[in-house]
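Participant: Sequence first, then the predicted structure:
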Amino acid sequence: MIAISKALLSQEQPDLKTNCNITWSKITLTGIKNIYVGAYYKPHELDELSLSELWSSLSKIPKDSIIWLLGDFNMPDINWVNETLKPNCKNRSLYEDFMEKLSHLNLEQMVKVPTRLSNTLDLFLTSHPSHVHLAKTLPSLATSDHDIVFHEVKINRGRPIQPKRLIKQYRKTNWEAIRSDMRSFSNSFISKAHTNPDEAWNSFKDSLNESCIKHIPTKISKSRADLPWLTPRIIRLIHKRDKLYHKLNKSPNQAKNQKLKSLKSYIQRQIRASYWSYMENVIFSHDSQPGRNKKFCSYIKHNKKENVGIAPLKSDGFTHTDPVTKANILNKQFESVFSPPKPLSLKHLCSKLLTSPSSLMDQINVTPEGVDKLLLGLSPHKASGPDELSPVFSRNFIKKSPPSFATSSIYP
């Protein structure tokens, strides 16, 4: 039996039933794949006919779907923690065939703890294990000898909307005005005696940011993610097709209908050609091309089909899904590889004080030319560092500000 909330659009799937104790329902949600929820029961451990009918039922589900199959599979001789057979397994061929079928159907079993005495009989098979954020057992109901299997599943509906962000247009920057502002600031800055380096740095950064806001034009990015292979020409053709479609609805005409079909076919061919041209540019572009890796990674990210993130982590026998708890578990794991700090012994301290001092490091000379050289070597495709200054700004400011960035500005 499957109980589904009325708030969800669901429908029974009688076509998926076979000659075994199984039932299926399909949940339809806007923006995600169809979810097929199944309940299965195998009465005997060695019931090969029931398993055969189960595989037949699973093969009927469309490939591009999410599968949740729960039930009592009566397979006690599997250690699901490491997914191996127990040493006392008497029907190894049956169990090995079961594990092989799961792998062939790309299904993963999520219940890792015993559900009846010391055996894991109640299983949860899914095609998307990254959706499952929590799996645990609860006390049984009434006189049942099986524990309740509880799962928490997280599904993101629809395509994620990219937040709007501010984009600086460095090509339209008034570099002369910025240079003039920084010269004025440099004179007032040098006239003051700064004893706190943090205050000096904040003063410099605030003045530079204020000048950048005034003289660097900005624009707001789009919140919707457009398909990059839809060129302006193709978009104009799509608008033309839509107008023709509305005209045809108002006044049907055989000639217009034929024209609409030809235009649809032409647009489809243009979209295919533009898509494969874009893919060739992303995948087969030269490694030295600026931003090549960023473009490829962005394409892969926008084609994800599952949740990307840190999976639930287990600590002290409990599975945790809270982000803060997972961060603390990882931090504890990283700290475990370092030796704990120990106080130095008196013998060690005396040996360090009585031995000859170590050789001193040569003096570091910082020159304006050297600073400019390092800043010019920054990659414009990298993100800002701790100073919050974009490499694009640093490179262009030096090029537009001869002879030296250091002489026309202030370094913290």
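Facilitator: Thanks, I have it.
Participant: Now do the top helix by length along the chain, average pLDDT.
Facilitator: As assigned by DSSP state H, the longest helix anywhere in the chain is helix 254-283. Per-residue pLDDT over helix 254-283 has a mean of 90.
Participant: repeat for stretch 186-193
Facilitator: Regarding stretch 186-193, the rounded mean pLDDT is 81.
Participant: can you pull the buried residues of it?
Facilitator: Neighbour-count burial for stretch 186-193 flags Ser186, Phe189 (criterion: 16 or more other Cβ atoms under 10 Å). Every residue, glycine included, has its C-beta placed from N, CA and C.
Participant: quick one on the thing from earlier: which is the next helix or strand following the longest helix of the chain?
Facilitator: helix 292-302 (DSSP states H and E).
Participant: Just to check, Leu208 is in contact with Arg179?
Facilitator: No - Leu208 lies out of contact with Arg179 (Cβ atoms under 8 Å); the separation is 11.4 Å.
Participant: The two: which has the busier surroundings?
Facilitator: Ranked by neighbour count (other Cβ atoms under 10 Å), Leu208 and Arg179 place Leu208 first, with 21 against 18.
Participant: which non-adjacent residue is nearest that one?
Facilitator: Nearest residue to Leu208 in three dimensions, chain neighbours excluded: Met182, at 6.9 Å (Cβ to Cβ, 6 or more residues apart in numbering).
Participant: Can you tell me the SS state at the one you found?
Facilitator: Here Met182 takes the helix state, with states given by DSSP: H, G, I helix; E, B strand; the rest coil.
Participant: how far away is it from Asn19?
Facilitator: Here Met182 is placed at a distance of 82 Å from Asn19 (Cβ to Cβ, to the nearest Å).
Participant: do the same with Gln258
Facilitator: Look at Gln258 and Asn19: by Cβ to Cβ, they are 52 Å apart.
Participant: Could you do Phe296 as well?
Facilitator: Separation of Phe296 from Asn19 (Cβ to Cβ): 49 Å.
Participant: ditto for His348
Facilitator: Taken as Cβ to Cβ, the span from His348 to Asn19 is 78 Å.
Participant: now swap in Lys86 and tell me
Facilitator: In this view, Lys86 and Asn19 are 29 Å apart by Cβ to Cβ.
Participant: Check whether Asp15 really touches Pro62, as I assumed.
Facilitator: No - Asp15 is not in contact with Pro62 according to Cβ under 8 Å; the separation is 11.3 Å.
Participant: of Phe296 and Asn19, who's got more company?
Facilitator: Phe296 (14 against 11).
Participant: Contact partners for that one?
Facilitator: Val282, Ile283 (Cβ atoms under 8 Å, 6 or more residues apart in numbering).
Participant: oh, and call the first residue 69 from now on, that's how I've got it
Facilitator: Fine by me, first position is 69 from now on; the one you just mentioned is Phe364.
Participant: Check it and give its pLDDT.
Facilitator: pLDDT for Phe364: 77.
Participant: And for Ala245?
Facilitator: Confidence score, pLDDT, at Ala245: 90.
Participant: Kindly tell me how buried it is, as a neighbour count.
Facilitator: For Ala245, using other Cβ under 10 Å, the count is 13.
Participant: After the helix or strand that contains it, which helix or strand is next?
Facilitator: Using DSSP H and E, the element containing Ala245 is helix 243-259. Later in the chain than helix 243-259, the nearest helix or strand by DSSP H and E is helix 265-283.
Participant: Please point out which parts of that next one sit buried.
Facilitator: Buried residues in helix 265-283, counted by 16+ other Cβ under 10 Å: Ala268, Ser271, Phe272, Ser275, Leu276, Ser279, Cys280, His283.
Participant: Now tell me what touches that helix from outside.
Facilitator: Against helix 265-283 from outside (Cβ under 8 Å, 6+ apart): 236, 241-243, 245-246, 249-250, 253, 257, 262, 455-457, 461, 477-478, 480.
Participant: Give me the mean pLDDT for that helix.
Facilitator: Averaged across helix 265-283, pLDDT comes to 87.
Participant: Which residues does the next helix or strand after it contact?
Facilitator: Sequence-wise, the next helix or strand beyond helix 265-283 is strand 286-288, with elements assigned using DSSP H and E. Strand 286-288 has contacts (Cβ under 8 Å, 6+ apart) with Lys232, Arg233, Leu234, Ile235, Lys236, Gln237.
Participant: now the residues you listed as TSV including secondary structure and neighbour count?
Facilitator: Shown next, in TSV, are the contacts of strand 286-288 (DSSP: H, G, I helix; E, B strand; the rest coil; neighbours: other Cβ atoms under 10 Å):
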residue	secondary structure	neighbour count
Lys232	coil	11
Arg233	coil	10
Leu234	strand	8
Ile235	strand	11
Lys236	strand	16
Gln237	coil	10
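Participant: Which two of the residues you listed have the greatest separation?
Facilitator: Lys232 and Gln237 (15.7 Å; Cβ to Cβ).
Participant: ranges for the strands of the protein?
Facilitator: Ranges of strands in the chain, per DSSP state E, are 77-80, 89-96, 103-109, 134-140, 146-147, 152-153, 176-177, 190-194, 200-206, 216-221, 234-236, 286-288, 381-383, 386-388.
Participant: what's the second one in contact with?
Facilitator: Identification of contacts with strand 89-96 by Cβ under 8 Å, 6+ apart yields 69-70, 72, 76-81, 84-85, 102-111, 118, 121-122, 125, 129, 139.
Participant: Filter those down to the buried ones.
Facilitator: By 16+ other Cβ under 10 Å, these give 78, 81, 84-85, 102-108, 110, 118, 121-122, 125, 129, 139 as buried.
Participant: Mind putting the strands of the chain into a markdown table with mean pLDDT and distance to Ile351?
Facilitator: Converted to a markdown table, the strands of the chain look like this (pLDDT from 0 to 100; distance: least, Cβ to Cβ, whole Å):
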| stretch | mean pLDDT | distance to Ile351 |
| --- | --- | --- |
| strand 77-80 | 91 | 39 |
| strand 89-96 | 94 | 34 |
| strand 103-109 | 95 | 32 |
| strand 134-140 | 94 | 29 |
| strand 146-147 | 92 | 41 |
| strand 152-153 | 90 | 39 |
| strand 176-177 | 91 | 30 |
| strand 190-194 | 94 | 31 |
| strand 200-206 | 84 | 32 |
| strand 216-221 | 89 | 34 |
| strand 234-236 | 86 | 26 |
| strand 286-288 | 89 | 29 |
| strand 381-383 | 79 | 35 |
| strand 386-388 | 72 | 39 |
